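Engineer: no sequence on hand, only this structure:
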Ligand code: C2E
Ligand code: CA
Ligand code: CA
């Protein structure tokens with residue numbers, strides 16, 4: 001067994017600080033070392049100060065409660081590489097704040113988790129997702145991201161199930177995407193919640209597979225319906241043989257387990273063709289489409305259907 005250590009240090013400048021302020025800054029610097037998954041020493045810097053104060057402002061804005069009206073979802077098409085048709089969408093949260101402009105979900109979702117408004121935010125966004133599903137053609141499915149806090153919270157998952165029942169939407173059209181970090185905080189609760197959702201007919205997809213822990217024991221212990229191959233591999237697929245081999249191996253693993261796989265972050269035709277050649281069936285990324293407002297996303301699917309039908313009648 002090897003033991004590693006990490007340390008965060010703050011040098012107080014001329015300003016006056018409470019012990020709590022200093023502790024928070026040193027802790028933030030420590031977190032930066034840990035998030036790089038390395039050991040070492042990090043000093044609290046001016047850049048850290050900027051990130052911390054932005055974080056603080058976002059948390060305050062979330063607690064004010066007005067964000068509800070400013071939240072919406074965009075929809076990124078997921079394409080069947082063989083037929084060229086859209087099979088569904090991933091719903092991605094957007095926050096256009098009147099005060100700060102557009103804030104990235106990478107910033108506001110963690111802030112919502114820290115301030116415990118995530119459950120409320122998830123319910124609001126999911127209600128929008130169900131309204132969208134009611135408008136979309138019936139053969140299209142929708143993937144919705146759940147945060148670590150949601151999947152370990154029985155109350156939120158029960159509320160989501162109740163919303164599905166009330167909406168009359170077929171649960172088989174819904175997928176929840178979760179990351180492995182969600183499983184680490186409370187595996188047993190996550191396991192129970194996932195089993196309950198799957199029993200209702202909802203699919204569970206493991207997001208960002210290949211980064212983080214990528215534990216085969218998680219795949220073994222929890223019955224996932226789909227793995228999403230992380231864009232870090234897919235984006236370098238044509239330049240880096242190892243990325244291609246990893247992508248191919250994950251796609252094979254899914255095939256052997258009888259579960260679906262999706263490659264995310266497809267940005268070029270070469271990558272889309274390469275993925276098709278190694279047997280990946282589903283893909284999403286800027287090459288096909290950026291996340292779109294609902295109406296444009298539905299139009300995009302109709303255009304793909306039209307082009308696929310034209311190809312079929314030409315080849316017939
Ligand atoms: P994610 O679930 O991995 O979502 C995919 C992210 O990759 C999205 O960023 C999407 O816009 C981006 N993306 C899609 N295609 C491409 C591509 O070809 N190239 C590149 N470079 N990027 C691509 P976005 O929308 O900024 O979302 C970031 C993350 O925020 C998501 O990562 C997800 O973890 C989280 N998130 C988004 N919406 C929600 C939500 O409603 N609930 C929760 N809990 N998390 C959400
Ligand atoms: Ca996702
Ligand atoms: Ca992802």
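Structural biologist: Received, thanks. What you see is a predicted model; the values in this text were computed from it and never measured. Ligands and ions are numbered 1, 2, ... in the order given.

Engineer: who's in contact with residue 293?
Structural biologist: Counting by CB atoms under 8 Å, 6 or more residues apart in numbering, residue 293 makes contact with 74, 75. For every residue, glycine as well, the C-beta is placed using N, CA and C.

Engineer: what's the span of stretch 280-289, first residue to last?
Structural biologist: Distance between the two ends of stretch 280-289: 18 Å, counting by CA to CA, to the nearest Å.

Engineer: burial check on residue 159, number of neighbours?
Structural biologist: 17 (other CB atoms under 10 Å).

Engineer: ok, it touching residue 123?
Structural biologist: Yes: at 5.6 Å, residue 159 counts as touching residue 123 under the criterion of CB atoms under 8 Å.

Engineer: so who does residue 291 touch?
Structural biologist: 74, 75, 76, 90, 92.

Engineer: shared neighbours of residue 159 and residue 123, anything?
Structural biologist: Between them, residue 159 and residue 123 share no contacting residue, judged by CB under 8 Å, 6+ apart.

Engineer: coming back round to it: closest to ligand 1 among the contacts of residue 291?
Structural biologist: Of all the contacts of residue 291, ligand 1 sits closest to residue 92, with 3.8 Å by CB to the nearest ligand atom.

Engineer: what about that closest one, which SS state?
Structural biologist: Here residue 92 is recorded as strand under DSSP: H, G, I helix; E, B strand; the rest coil.

Engineer: and the helices in the stretch 1-150 of the chain?
Structural biologist: With DSSP state H, counting those that start in this stretch as the criterion, the stretch 1-150 of the chain has helices at 19-35, 46-64, 105-114, 118-135, 148-151.

Engineer: and what of the stretch 151-300 of the chain?
Structural biologist: Using DSSP H, counting those that start in this stretch, helices in the stretch 151-300 of the chain cover 154-167, 180-185, 187-199, 216-221, 231-235, 241-257, 269-277, 294-315.
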